[in-house]
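*Asks:* Sequence and predicted structure are below.
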Amino acid sequence: MSEPAAAVVVEGVVEEQLPSALYVVNLNGERRVTAHLAAGDGRNFVRILVGDRVEVALARHDLTRGRIVRKL
């Protein structure tokens, strides 16, 4: 069995909030990705707004989708 692909973590700015708790994040002006909030203990208390700086984990096999892992 092969090991899962490691995630790449990059910083970006939230540009747009979409339905179903999805966000469009601009990564350093180079790329736009669709991201959702990562599951965690404090998830219900995190509020992400347009303009917030966040860290996004991208899977190596699909660099157009990601997971917001931390608000900066």
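*Replies:* Here it is on my side, so go on. Numbering: from 1, shown residues only.

*Asks:* now the strands for the chain?
*Replies:* Remark: strands assigned in the chain by DSSP state E are 7-18, 22-27, 31-37, 53-59, 62-71.

*Asks:* Need these in CSV (columns: distance to Phe45).
*Replies:* Bear in mind the C-beta positions are built from the backbone N, C-alpha and C, glycine included. Listed next are the strands of the chain as CSV, based on distance: least, CB to CB, whole Å:
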stretch, distance to Phe45
strand 7-18, 17
strand 22-27, 17
strand 31-37, 11
strand 53-59, 15
strand 62-71, 11
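
*Asks:* need those in a markdown table with mean neighbour count, mean pLDDT and distance to Arg47, can you?
*Replies:* What follows is these, written out as a markdown table (neighbours: other CB atoms under 10 Å; pLDDT from 0 to 100; distance: least, CB to CB, whole Å):
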| stretch | mean neighbour count | mean pLDDT | distance to Arg47 |
| --- | --- | --- | --- |
| strand 7-18 | 15 | 94 | 11 |
| strand 22-27 | 18 | 96 | 12 |
| strand 31-37 | 16 | 94 | 10 |
| strand 53-59 | 18 | 93 | 12 |
| strand 62-71 | 16 | 91 | 9 |
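
*Asks:* didn't Glu11 look like it was pressed against Ala57?
*Replies:* No. Between Glu11 and Ala57 there is no contact under CB atoms under 8 Å: 11.2 Å.

*Asks:* Might one say that Val10 is in contact with Val25?
*Replies:* No. With contact defined as CB under 8 Å, Val10 does not reach Val25; the gap is 9.1 Å.

*Asks:* intersection of neighbour lists for the two?
*Replies:* Val56 (CB atoms under 8 Å, 6 or more residues apart in numbering).
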